[in-house]
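> Okay, structure incoming, though there's no sequence with it:
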């Protein structure tokens, strides 16, 4: 599949769950706290993660981010960029590695 086809597929996938997302209509800075500092950043992360925990499409959001290569910025499916990179590292290593498992992260990230 070429890049254009992949992009189209990802956009269609995103359209199917974003309308149901708990974050719909919220301030995007909450979910992209990289532009914030200090207490404002910590509060944004806490708010984003709490919103994701109560979201009916948390798993779909995280799956979209992972499939789209969103590993540098934002909170997706309740995970920040560091946790998403660690999750990828876990999937790339053999069983028994020290990476994170998806079931351990969803709903338990603070």
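Received, thanks. No experiment lies behind these values; they were computed from the predicted model shown.
> Quick one: the strands in this structure, in order.
For the chain, no strands turn up when DSSP state E is the criterion.
> For it, which residues score under the pLDDT cut-off?
Counting by pLDDT under 70, the chain contains low-confidence residues at 1-15, 90-110.
> Show me where this protein has its helices.
Taking DSSP state H as the test, the helices found in the chain are 3-17, 28-31, 38-53, 58-68, 81-92, 102-105.
> Return the list of helices and strands in contact with the second one.
Applying 3 or more C-beta pairs under 8 Å, 6 or more residues apart in numbering; DSSP states H and E, one finds that helix 28-31 contacts helix 38-53. The way it works is simple: take the backbone N, C-alpha and C, and place the C-beta from them, glycine included.
> Okay, angle between the helix it packs on and helix 58-68 too, please.
Interaxial angle, helix 38-53 versus helix 58-68 (axes from the mean of the first three to the mean of the last three C-alpha atoms, to 10 degrees): 110 degrees.
> who touches helix 38-53?
Helix 38-53 has contacts (C-beta atoms under 8 Å, 6 or more residues apart in numbering) with 22-23, 26, 29-31, 33, 36, 58, 61, 75, 77-78, 80, 107, 109-110.
> Is there a quick PyMOL command that grabs whichever of the residues you listed are buried?
Here is the PyMOL command that selects the buried residues among these (16 or more other C-beta atoms under 10 Å):
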select buried, resi 22+23+30+31+33+58+61+75+77+78+80+109
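> Buried ones in stretch 64-80, by neighbour count?
In terms of neighbour count (16+ other C-beta under 10 Å), stretch 64-80 has its buried residues at 64, 65, 66, 70, 74, 75, 76, 77, 78, 79, 80.
> doesn't residue 76 make contact with residue 32?
No: shown here, residue 32 and residue 76 do not form a contact pair, counting by C-beta atoms under 8 Å, at 10.1 Å.
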